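Chemist: Here you go, sequence then predicted model.
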Amino acid sequence: MHHHIRGGMPRHDLGALGWSRPWSDDAGGACVEAKKLRDGRVALRQSTDPDGPALVFTTNEMTRFLAGVKAGDADFLC
């Protein structure tokens, strides 16, 4: 049975190579891994669940997200 994933991609469509860990949790090893896809989109996944789906963002979505983080728009999360 094939399950449709909205806003994400299954692991087998993303490949195992090219992931980096720009954000990590030194305490427990839980990291957010990022990968730039061939079409310019950015995939994010949880390192403790590499076989799970990844969220996929367009270049514009990621640019806006990072600009908002830098501007302090996400400070309420901490």
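Modeler: Alright, I've got the coordinates.

Chemist: need the helix or strand of the chain with the lowest average pLDDT.
Modeler: strand 8-9 (a mean of 66; mean pLDDT, DSSP states H and E).

Chemist: Which residue ranges of the chain form strands?
Modeler: In the chain, the strands defined using DSSP state E lie at 8-9, 20-24, 31-36, 42-46, 54-57.

Chemist: Lowest average pLDDT across these?
Modeler: Among the strands of the chain, strand 8-9 has the lowest mean pLDDT, at a mean of 66.

Chemist: what distance separates stretch 59-69 from the centre of its chain?
Modeler: 12 Å (CA atoms, centre = their mean, to the nearest Å).

Chemist: for it, which positions count as buried?
Modeler: Within stretch 59-69, the residues that count as buried by 16 or more other CB atoms under 10 Å are residue 62. To be clear about C-beta, it is placed using only N, CA and C from the backbone, and glycine gets the same treatment.

Chemist: Just list whatever residues bridge to the nearest residue to residue 65 once chain neighbours are set aside.
Modeler: With sequence-adjacent residues excluded and distances taken as CB to CB, 6 or more residues apart in numbering, residue 65 is closest to residue 57, at 7.0 Å. Note on residue 57: beta-bridge partners residue 42, judged by DSSP bridges.

Chemist: Residue 57 reaches residue 37, doesn't it?
Modeler: No - with contact defined as CB atoms under 8 Å, residue 57 does not count as touching residue 37 (9.9 Å).

Chemist: what touches both of those two?
Modeler: residue 43 (CB atoms under 8 Å, 6 or more residues apart in numbering).

Chemist: So, low pLDDT: which residues of the protein?
Modeler: Scanning the chain for pLDDT under 70 picks out the ranges 1-12, 23-29.

Chemist: Let's see that with 80 instead.
Modeler: 1-13, 15, 22-30 (pLDDT under 80).

Chemist: And the residue nearest to residue 65, how close does it get to residue 67?
Modeler: 13 Å (CB to CB, to the nearest Å).
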